[in-house]
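> next come a sequence and a model predicted from it.
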Amino acid sequence: MGAPAMTIFDVLRHRWTGWRRSTTFGRSLLTTVIALLAAVYFGGWLAALGWFYPDVMAEVAPTRDPLRLLNEHLLSGAAGLVVARFFLQRFDAGAWRALLCLPVRRTTLARAIQITSAASLLTLIPLLGLAALVASTALPGTSPLGAVLWTAGALLAVGTTHFAYVWLRVAWLRRRWAVFLGLSAVVLGLIGGDLLGETVVRDASAWLFGGAQRGHVGPLLLLAVGAVALGAASTRALRRYMYREAEGAGRGKRRQYVSLDVGRRGGLWSLILLEGALIFRNRGPREQLFIGGGALGFFAYVVVRGALPIFSVGMAPFMLGLLLPVTYGQFAFAWHGKHFDGLLSRASPGRLVRATLVVLMGLAVGPPVLAMPIVAWGDPFLAVPMVAFALYHAGVSVPAVVWAGIVGNRTWVNPEQSRFTVSGGSMRAIVLMALLGVPPALLASLGGISALLSGVAALGGLGLGTIPLWLPRLEAALRHRRHAMLRGFRGKWLFPHEWHW
């Protein structure tokens, strides 16, 4: 007789034991402690915001019921959480394939992945805010039964966001475009409908959560059915993804690579083409570029509709120009993989730095330039912040990203350059984005919009004007670090999920 099938508790215990006995346990434990501290920090802020939500609404909208206003926007808020999960939450189902040799059922393995994936910061932090909202808004504003049903409905909404995220991520990896585009349309429709003031989305959200608040069981049952249906669909998709056939490296047509002479004098253009080839010839970076294009299109649509909030005058251009440079900059001087030693021997560090600067500046300035005609036609006032933040990113953000890529080089080697992924958000990249947002935030708090725009434009112009001063220092830093990089890049292959959260 064969060995008995493993239960889900056996799978989780096996996973825990493997993580605890791994050679990188100390580093993984430190990462976990940092993640927990981040959860306490951001969760504390969200809990404080939930606790003082009635007081804030009393000042902002004194004639509106805080609980009713919350019910009208919970559905779009849940859709926004799905988007945040897709970009920031780690998805490492491929690491579980090592367990396929064990006597474990496919469904059991998929459910274990669901459980471990749900235990993330983007589940814990919303739950802390939800607990504060229940204590400050739901309990005082309704009956005990209504508060219990409302809390159950909100918990189901948070769980639904996780199942929708898993289904979206698996559809993205398996290139099931019909499923991915359909789910994306629903999620973006909920967010866009609420931002544009569509009453259908707000009425549906008010009926679901307001009905649960009044003690009606029907809306709660509908939320439960939706959560169970999405959970079953995502588990089924995850099970199929785990057992899909591995794509052979030699299948399909061989690509015709262009010979790039990076060692000759004036080979800067060849290095720029090489960086572009790394983006377009690898699936993950190429798809990330498409995501940036989608964000650009959505921004242009919101501007044309005149629905961009006034507080987004600085935030929207800042994020639009920083999304792609930070995404690719976290892999600067590392994503050439096993070929990096040959590249360093043929091209000077100064030329590598200049090529990376040109590529990242193009990714930072390109989206504002492409959106400028539409923005100038839809809302001429927004053309000024677009230009100001384009200067800021070109003169301040991109040099900072390149410097961070030199100092924080990755110990990472990709043998094939075919399965490279940029899913999830690097903690270093998120911290860097937060630090780059400090000067604009200080300028806005000190002098308002006029000081913000003039200040960021001046900082960007100062950075561009002092290129002869900081460019040689970046080149010297890469020259100083290149031997350490070569030693590090010859180590074992670290999967991307090991340094994403």
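That came in fine, so what should we check first?
> going forward, measure contacts and count neighbours with C-alpha atoms only.
Noted.
> quick one: the helices in the stretch 251-400 of the chain?
For the stretch 251-400 of the chain, helices defined by DSSP state H, counting those that start in this stretch occupy the ranges 268-280, 283-305, 312-329, 340-346, 349-378, 383-392, 398-407.
> winner for burial among those?
Highest mean neighbour count among the helices of the stretch 251-400 of the chain (mean count of other C-alpha atoms under 10 Å): helix 383-392, with a mean of 24.
> for the record, mean pLDDT for it?
Taken as a whole, helix 383-392 has a mean pLDDT of 86.
> elements contacting that helix?
Where contact means 3 or more C-alpha pairs under 8 Å, 6 or more residues apart in numbering; DSSP states H and E, helix 383-392 is packed against helix 312-329, helix 349-378, helix 438-465.
> does residue 77 really touch residue 193, like I thought?
No: with contact defined as C-alpha atoms under 8 Å, residue 77 does not count as touching residue 193 (11.6 Å).
> mind checking which of the helices of the stretch 251-400 of the chain is nearest residue 115?
Closest approach to residue 115 among the helices of the stretch 251-400 of the chain (C-alpha to C-alpha): helix 283-305, 25.1 Å.
> can I get the closest one in PDB, CA atoms only?
Taking Å, rounded to 0.1, in the frame of the first residue of the first chain, the C-alpha atoms of helix 283-305 are listed here in PDB:
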ATOM      1  CA  ARG A 283       8.600  38.400 -19.800                       C
ATOM      2  CA  GLY A 284       8.400  40.000 -16.300                       C
ATOM      3  CA  PRO A 285      10.000  43.400 -17.200                       C
ATOM      4  CA  ARG A 286       8.000  43.500 -20.400                       C
ATOM      5  CA  GLU A 287       4.800  43.000 -18.600                       C
ATOM      6  CA  GLN A 288       5.700  45.600 -16.000                       C
ATOM      7  CA  LEU A 289       6.200  48.100 -18.900                       C
ATOM      8  CA  PHE A 290       2.700  47.300 -20.100                       C
ATOM      9  CA  ILE A 291       1.400  48.000 -16.500                       C
ATOM     10  CA  GLY A 292       3.100  51.300 -16.600                       C
ATOM     11  CA  GLY A 293       1.400  52.100 -19.900                       C
ATOM     12  CA  GLY A 294      -2.000  51.100 -18.400                       C
ATOM     13  CA  ALA A 295      -1.400  53.500 -15.400                       C
ATOM     14  CA  LEU A 296      -0.500  56.200 -17.900                       C
ATOM     15  CA  GLY A 297      -3.700  55.600 -19.900                       C
ATOM     16  CA  PHE A 298      -5.800  55.600 -16.700                       C
ATOM     17  CA  PHE A 299      -4.300  58.900 -15.600                       C
ATOM     18  CA  ALA A 300      -5.000  60.500 -19.000                       C
ATOM     19  CA  TYR A 301      -8.600  59.300 -18.800                       C
ATOM     20  CA  VAL A 302      -9.100  60.700 -15.300                       C
ATOM     21  CA  VAL A 303      -7.600  64.100 -16.400                       C
ATOM     22  CA  VAL A 304      -9.900  64.300 -19.500                       C
ATOM     23  CA  ARG A 305     -12.900  63.500 -17.400                       C
END
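> next, the angle from that helix to helix 312-329.
Computed with axes from the mean of the first three to the mean of the last three C-alpha atoms, to 10 degrees, the direction of helix 283-305 lies at 170 degrees from that of helix 312-329.
> helices or strands up against helix 283-305?
helix 268-280, helix 312-329, helix 349-378.
> now do the second one and helix 398-407, the angle between them.
Angular relation of helix 312-329 and helix 398-407 on a 0 to 180 degree scale: 30 degrees, by the same axes, to 10 degrees.
> ok, now the first one?
Computed with the same axes, to 10 degrees, the direction of helix 268-280 lies at 80 degrees from that of helix 398-407.
> let's number from 442 now, not from 1
Sure thing, new numbering starts at 442, so read that last one as helix 709-721.
> can I get the helices and strands packed on helix 724-746 in a markdown table with mean pLDDT and distance to residue 650?
Output for the helices and strands packed on helix 724-746, formatted as a markdown table (pLDDT from 0 to 100; distance: least, C-alpha to C-alpha, whole Å):
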| stretch | mean pLDDT | distance to residue 650 |
| --- | --- | --- |
| helix 709-721 | 77 | 44 |
| helix 753-770 | 75 | 28 |
| helix 790-819 | 83 | 36 |
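> nearest to residue 918, out of those?
Of these, nearest to residue 918 by C-alpha to C-alpha is helix 790-819, at 8.9 Å.
> distance from the chain centre to the closest one, please.
20 Å (C-alpha atoms, centre = their mean, to the nearest Å).
> and what of stretch 557-573?
16 Å.
> buried residues in it, which are they?
Using 16 or more other C-alpha atoms under 10 Å as the test for burial, stretch 557-573 gives 558-559, 561-573.
> just name the closest of these to residue 478, please.
When the buried residues of stretch 557-573 are compared against residue 478 (criterion: C-alpha to C-alpha), the nearest one is residue 562, at 10.4 Å.
> setting the sequence-adjacent residues aside, check what's closest to the closest one.
Closest residue in space to residue 562, ignoring its immediate chain neighbours: residue 480 at 6.0 Å, by C-alpha to C-alpha, 6 or more residues apart in numbering.
> make sure the one you found is indeed in a helix.
Yes: counting by DSSP: H, G, I helix; E, B strand; the rest coil, residue 480 is found in a helix.
> wait, it sits on residue 565?
Yes: here residue 480 reaches residue 565: they are 7.3 Å apart, a contact under C-alpha under 8 Å.
> output the below-cut-off pLDDT ranges for the stretch 542-691 of the chain.
Applying pLDDT under 70 to the stretch 542-691 of the chain picks out residues 684-691.
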